[in-house]
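Asker: compute the structure for the input listed below.
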Amino acid sequence: MDGYARSAAVPSAPVRDPEPGRAAVPGAVLAIARLTGWRRLGLAWLVGALGALAMPPYGIVPALAVSLTVAVWLQDGAAAGQTPLRRFWPCFLIGWAWGFGYLTAGLWWLGQAFLVEADEFLWALPLGVIGLPFALGLFYGAGFGAAGLLWSPGAARIAALAFGIAAAEWLRGHLFTGFPWNTLGMSLAQNLWLMQGAALIGLYGLTILAVLVCAAPATLATGPRPLGRFGPPAAAAALLAGMAAYGVERLGPPDPVVAGVRLRLVQPNLPQDAKFRPENRADIVDRYIELSQRPVEAGAPEPTHIVWPESAFPFLIQRDPDALAKVAAGLKPGQHLITGAARAEEPLPGERLRYFNAVMVIGPDGRISDSYDKVHLVPFGEYLPAPLDAALRALGLRQFVAIPGGFSPGSLAAQRILSVPDLPPVAATICYEAIFPHAILPAGHAALAQEPAGLILNVTNDAWFGDTPGPRQHLAQARLRAVEEGLPLVRDANTGISAVIDPYGRILGRTPLDEETWLDADLPARIPGGTLYGRFGDAAFALMLAACLGGALIARRRP
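Answerer: A predicted model of the protein is given here:
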């Protein structure tokens, strides 16, 4: 058995060099490894919460390094002297507590949504702030448990942890509709140089690298000297340097812009408690039109395309010809409007009216020329999951958005590509659809056979979350989609943050949060040929995951 593991397994073992060539394990590290019961889980929760500081808007990556380093030492203690199968449960509990702390500290702002209509939803606040992290922590428990099965002395256990966490986060992003918010790869995706790696390996590939880099310092206190102690941290530093060098090389001069296109993003900053009141319909439309018609800066071209955010209207504009005529009258000749709006579809006999969260294209003639229905709806926000729907409605409960019966999802086979006059094909996303890697462009879409998509459009309404980390995290995750796909991102948010981002993740223009304003900008051109990740998706991530698994298995077979 490894000398460190033996020392950790025997509480009375002295803190000394247990084997020739192996450094003595510091007493503090031994104390961490020897923790049991609630003390072990409490420390795991605390360091998990510390790791959340690596996420936007803070971006303190060393906090994640401390968090994962301590997690490795806790795993060491749980694995010491145990057979692989007997390691699983204690390692699972460490991972669950770590994930519970990480997600509680990273997602606390979800509670703000329950305060918008506090008279109806305040009772459920603990379910969102505590219950969701508690449940999602099970993914990390499974990941740490899998790593425990593969655990062995030395640097290989870092690869085992990277395999377990990355596999768990991929599952978290796909199972039960998926929720890949604050995936660990985002710790590296806030630096313009480091985020360029997403063009090759995507968010989940960055997650593997983030764990390998941030957990590597654990060997400084527990590895055989000198290579086993200093090799992994040195390799981590070299990896970061290589990623930065690639990023610098990839970032060239500003990209050309699409000729003849000038965008205006309208940010009305409508309070959430007033946005969906039908009595405000006339004032809201007037507010949008007035912001859309504000004069441009001296010498700047007039906007050719106006963008309004998600669910812009507290009514069904498709069924209101007077409102459509009013909107059209507010457009200048040649201008087109792209707006979020609820849409209704006539039901078949015996069915209820179905509502969709949509993006619509409206021309100066007042005609809706194209639309896209949101496919990936927010559970409990836009609909109640089917197994709970009848029971919750029987109790008088509903989803946050007050649509009778909730929104229906758009068809997976339906188009996501919007056809907008004088724009290249638009890959539309609504709200948090933009946080899902490689879900922007539908494979084999007929429209893309003629001309590739030219931009990602994201319309959203983050007013639910106020001035918290939520809107900032949302922007950061949407920004990474631009790098992954090699497409510019146009993001319009009701209360902010609205932005135009080039296909390398450079923010060319952005608005402040919680401010009524607008943003005029040119449309950057896409990267010709796209990106490796855009073509092959998570294939590189799968190879990296297999490499971590293979390395951990090989190390376990060594005598």
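Asker: how about the helices of the stretch 101-250 of the chain, start to end?
Answerer: Applying DSSP state H, counting those that start in this stretch to the stretch 101-250 of the chain gives helices spanning 111-116, 118-121, 125-126, 132-149, 156-172, 198-215, 219-222, 227-250.
Asker: which of these comes out lowest on mean pLDDT?
Answerer: Between the helices of the stretch 101-250 of the chain, the one with the least mean pLDDT is helix 118-121; it has a mean of 74.
Asker: how about that one: buried residues?
Answerer: For helix 118-121, a neighbour-count test (16 or more other Cβ atoms under 10 Å) marks residue 121 as buried. C-beta here means a position set from N, CA and C on the backbone, and glycine is covered the same way.
Asker: what's that helix packed up against?
Answerer: helix 111-116 (3 or more Cβ pairs under 8 Å, 6 or more residues apart in numbering; DSSP states H and E).
Asker: the spatially closest residue to residue 426 that is not a sequence neighbour: neighbour count?
Answerer: Spatial nearest neighbour of residue 426, chain neighbours left out: residue 418 (4.1 Å); criterion: Cβ to Cβ, 6 or more residues apart in numbering. Applying other Cβ atoms under 10 Å, we find 22 residues neighbouring residue 418.
Asker: so how far is residue 77 from residue 146?
Answerer: 18 Å (Cβ to Cβ, to the nearest Å).
Asker: look at residue 466 and report its pLDDT.
Answerer: On the pLDDT scale, residue 466 gets 89.
Asker: sorry, slip of the keys, the one I care about is residue 446.
Answerer: Reported pLDDT for residue 446: 53.
Asker: among the helices of the stretch 101-250 of the chain, which is nearest residue 66?
Answerer: helix 198-215 (8.5 Å; Cβ to Cβ).
Asker: angle of the closest one against helix 156-172?
Answerer: Angle of helix 198-215 versus helix 156-172, following axes from the mean of the first three to the mean of the last three Cα atoms, to 10 degrees, is 130 degrees.
Asker: which helices and strands does helix 198-215 pack with?
Answerer: helix 61-79, helix 156-172, helix 227-250, helix 469-485, helix 532-536, helix 539-557.
Asker: turn those helices into CSV, including distance to residue 257.
Answerer: Output for those, formatted as CSV (distance: least, Cβ to Cβ, whole Å):
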stretch, distance to residue 257
helix 61-79, 33
helix 156-172, 36
helix 227-250, 19
helix 469-485, 15
helix 532-536, 20
helix 539-557, 30
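Asker: show me where the stretch 251-400 of the chain has its strands.
Answerer: 257-267, 305-308, 336-345, 354-362, 368-373 (DSSP state E, counting those that start in this stretch).
Asker: walk me through which strands the second one pairs with, and which way each runs.
Answerer: Looking back up the chat, that one is strand 305-308. Paired neighbours of strand 305-308 in the sheet (DSSP bridges): strand 257-267 (parallel), strand 336-345 (parallel).
Asker: which of these has the lowest average pLDDT?
Answerer: strand 336-345 (a mean of 93).
Asker: how far is that strand from where the chain is centred?
Answerer: 25 Å (Cα atoms, centre = their mean, to the nearest Å).
Asker: list the contacts of the residue lying closest to residue 56 once chain neighbours are set aside.
Answerer: Counting by Cβ to Cβ, 6+ apart, residue 56 lies nearest to residue 476, which is 4.1 Å off, once chain neighbours are set aside. Residue 476 sits next to 56-57, 186, 189-190 when contact means Cβ atoms under 8 Å, 6 or more residues apart in numbering.
Asker: cool, and residue 517?
Answerer: The neighbours of residue 517, taking Cβ under 8 Å, 6+ apart as the test, are 267, 269, 291, 511.
Asker: show me the contacts for the last one.
Answerer: Contacts for residue 511 were tallied using Cβ under 8 Å, 6+ apart; they are 265, 267, 496-499, 517-519.
Asker: among those residues, which two are most distant?
Answerer: Farthest pair in these, by Cβ to Cβ: 497 and 518, 13.4 Å.
Asker: on that earlier part again, the residue nearest to residue 426 and residue 359, how far apart?
Answerer: On the measure of Cβ to Cβ, residue 418 and residue 359 end up 7 Å apart.
Asker: just residue 376 next, same as before
Answerer: 13 Å.
Asker: can you check residue 205 too?
Answerer: Residue 205 is 30 Å from residue 359, by Cβ to Cβ.
Asker: what's the answer for residue 476, then?
Answerer: Residue 476 is 22 Å from residue 359, by Cβ to Cβ.
Asker: and if you look at residue 503?
Answerer: The value you get for residue 503 to residue 359, if Cβ to Cβ is used, is 21 Å.
Asker: show me where the stretch 1-150 of the chain dips below the pLDDT cut-off.
Answerer: Residue ranges of the stretch 1-150 of the chain with pLDDT under 70: 1-24.
Asker: if we use 50, what do you get?
Answerer: 1-21 (pLDDT under 50).
Asker: nearest to residue 111, out of the helices and strands packed on helix 198-215?
Answerer: helix 469-485 (10.1 Å).
Asker: can you name the element that comes right after that closest one?
Answerer: strand 489-493 (DSSP states H and E).
Asker: what is that following strand packed up against?
Answerer: strand 257-267, strand 305-308, strand 455-460, helix 469-485, strand 499-501.
Asker: how about the helices of the stretch 101-250 of the chain, which one is nearest residue 309?
Answerer: Ranking the helices of the stretch 101-250 of the chain by proximity to residue 309 (Cβ to Cβ) places helix 111-116 first, at 16.5 Å.
Asker: with distance to residue 50 as added columns, please give the helices of the stretch 101-250 of the chain in a markdown table.
Answerer: Below are the helices of the stretch 101-250 of the chain laid out as a markdown table (distance: least, Cβ to Cβ, whole Å):
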| stretch | distance to residue 50 |
| --- | --- |
| helix 111-116 | 20 |
| helix 118-121 | 30 |
| helix 125-126 | 23 |
| helix 132-149 | 15 |
| helix 156-172 | 16 |
| helix 198-215 | 12 |
| helix 219-222 | 18 |
| helix 227-250 | 19 |
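Asker: go through the ones you listed and name the closest to residue 41.
Answerer: helix 132-149 (10.9 Å).
Asker: and the closest one, how far out from the chain middle?
Answerer: Using Cα atoms, centre = their mean, the offset of helix 132-149 from its chain centre is 19 Å.
Asker: list the buried ones in that helix?
Answerer: For helix 132-149, using 16+ other Cβ under 10 Å, the buried residues are 132-134, 136-149.
Asker: does residue 206 touch residue 185 like I think?
Answerer: Yes. If you go by Cβ atoms under 8 Å, residue 206 and residue 185 touch, sitting 3.1 Å apart.
Asker: name the residues contacting each of the two.
Answerer: residue 198.
Asker: if we can go back for a sec, quick one: which of the contacts of residue 476 has the most company?
Answerer: residue 189 (28 neighbours).
Asker: per-residue confidence at that residue?
Answerer: 96.
Asker: contacting residues for it?
Answerer: Contacts of residue 189 by Cβ under 8 Å, 6+ apart are 195, 198, 203, 206, 476, 480, 483.
Asker: how far away is the closest residue to residue 63 other than its chain neighbours from residue 487?
Answerer: Leaving aside its sequence neighbours, residue 63 sits nearest to residue 53 (Cβ to Cβ, 6+ apart; 3.8 Å). Using Cβ to Cβ, residue 53 is found at 30 Å from residue 487.
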